[in-house]
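Novice: Predicted model follows, preceded by the sequence.
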Amino acid sequence: MRSITSFRAEGNEFVPPSSKDFVLPPIFGDNEFTTKPIFLVLLSVVLLSVFFLMASRKAAIVPSKLQFAGESVYAYVRNDLGKEIIGHEFMRFVPYLFTLFTFILVNNWFGIIPMLQFPTMSRISFAYVLGIITFVVFHYVGIRHHGIVKYLKDILFMPGVPKPVYILLTPIEVATYLIVRPLTISLRLFANMFAGHLLLMIFILGGEHLLQGAIGLKLVSPFAFAFGIALTFFELLVQCLQAYIFTLLTALYIGGALADEH
Amino acid sequence: MTGTLNLVGYGLAAIGPGLAVGMIFSAYINGVARQPEARSVLQPIAFLGFAMAEALALFGLVLAFVL
C-alpha cells in the first residue's frame, strides 16, 4: 500500500506541506464550484439549521438537553457579545452576531473533525466575504444612526483633538476605517486557520515519513504523532477563540459606529 | 535546502507585534486582577488594542507570501 507521503514525493525525500496543499481539485469534473470547501460551507449551514431547529422546536420552560445546549450558545452570544459591548440597541444585531459566531465556529471545527479535516476558512475568499459583510454592516449602521455627514465628519476629524494633530490622525483614521478593519478581521481568521492546518499537516505527515525511515527514526515517529494529537486539541482552542474574536470585533465595530461621542 | 528568506523576515517582523500583544494582555490581566468589576469595561479596550497590534503581524504575513 502506498503511503500518503509517497504520493507526495517521489523517492525518499520529505516534501514539507505548503500553501499548495490548500488548493483542492474540484470533486465533480472541472467545475470550480464543486471543491471541498464549498461543500463544507453547505454542510455547515445544513448542520446548524438542523441543530437549532431541533433545539428550538419544542421550547419548554423546563428545557430538554438539546434546548439547553442551543439556548446556552444563544445566551452567550446575546449577553457577552451583544449586550456587554453594543449597549442598549443590541437586540437588532444579535441575529447577525449569532449567525456569524456559530457559522465560523462550525467551519473552524471542520479542521479537526475526522474525515473532513479541512478548515473552510483556510481558503481566504470565505474569510474575505465575512469581512466584507461586517464592513458593510457597521458602516451602514453608523450612517443610519448619525447621518452620513456627521458620520464622515467624526471619522475624518475626531472631536476633541488639537487641530495640528489632524495632519497625522486623519490619514490613519481613514485607513483604519476603510482598509485596516475589514482586511485584518478576515486575515486574522484566515491566517490562524491556515497556520493551524499547516502545523497539523507537518507533524502528522512528518511522523508518517519518519515511520518509513531507519529503525532509529521509527522510534521517534510516535513522538511526532503524539505532538500532532496534542496540537489538535490546541487547534480546538484556537478555533473557538477565533470565532469569538471575529464576533467580538464585529460587535465592537458596530458599537463604535453607534456610540454618540464616537 | 531551498526556501524563501521572506519567511525569515516575517519571523523577525513578528517579534514586535508578539511583544505588543503580550504587553496588552498583561496590562488587561493586571487591571482585572486589581479591580475585577472593571472587566467589562477593560475587555473591549484590550481586544481593540490586541486587534490593532496583531494587524501589523498580519500585514507581515501577507507580504511574506505576496512579495
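Specialist: Structure received. Quick caveat, the model's predicted, so the values are computed rather than measured. Residues are numbered from 1 along each chain as shown, chains lettered A, B, ... in the order given.
Novice: Without its sequence neighbours, what residue ends up closest to residue B:62?
Specialist: With C-beta to C-beta, 6 or more residues apart in numbering or on different chains as the measure, residue A:187 is the residue that lies nearest to residue B:62, at 6.6 Å, once sequence neighbours are left out. Where you see a C-beta, it was placed from the backbone N, CA and C, and this is true even at glycine.
Novice: Kindly report the same for residue A:192.
Specialist: Leaving out its chain neighbours, the residue that sits closest to residue A:192 by C-beta to C-beta, 6+ apart is residue A:242, at 5.0 Å.
Novice: re the thing from before, so for the residue nearest to residue B:62, what pLDDT did the model give?
Specialist: The score at residue A:187 is 91. That number is its pLDDT.
Novice: Test my guess that it contacts residue B:60.
Specialist: No - contact status for residue A:187 versus residue B:60: not in contact, 10.7 Å apart, counting by C-beta atoms under 8 Å.
Novice: Of these two, which one has the most company?
Specialist: residue A:187 (22 against 18; other C-beta atoms under 10 Å in any protein chain shown).
Novice: Work out for me the element the more buried one sits within.
Specialist: If you go by DSSP states H and E, residue A:187 is part of helix A:181-211.
Novice: Next, the buried residues of that helix.
Specialist: Judged by neighbour count using 16 or more other C-beta atoms under 10 Å in any protein chain shown, the buried positions of helix A:181-211 are A:181-194, A:196-211.
Novice: and the gap between residue B:31 and chain A?
Specialist: Remark: distance between residue B:31 and chain A (C-beta to the nearest C-beta, to the nearest Å) = 16 Å.
Novice: That residue and residue B:42 touch, don't they?
Specialist: Yes - taking contact to mean C-beta under 8 Å, the distance of 5.0 Å between residue B:31 and residue B:42 places them in contact.
Novice: where do the helices sit along chain A?
Specialist: Along chain A, the segments classed as helices by DSSP state H run A:4-8, A:36-57, A:65-76, A:84-86, A:94-109, A:124-146, A:148-156, A:166-175, A:181-211, A:215-258.
Novice: Okay, now the unreliable bits of the chain?
Specialist: No chain was given, so I picked chain A. Low-confidence segments of chain A, defined by pLDDT under 70, are located at A:1-12, A:261-262.
Novice: My question was about chain B, not that one.
Specialist: Applying pLDDT under 70 to the predicted model, the residue ranges of chain B that meet it are B:1, B:67.
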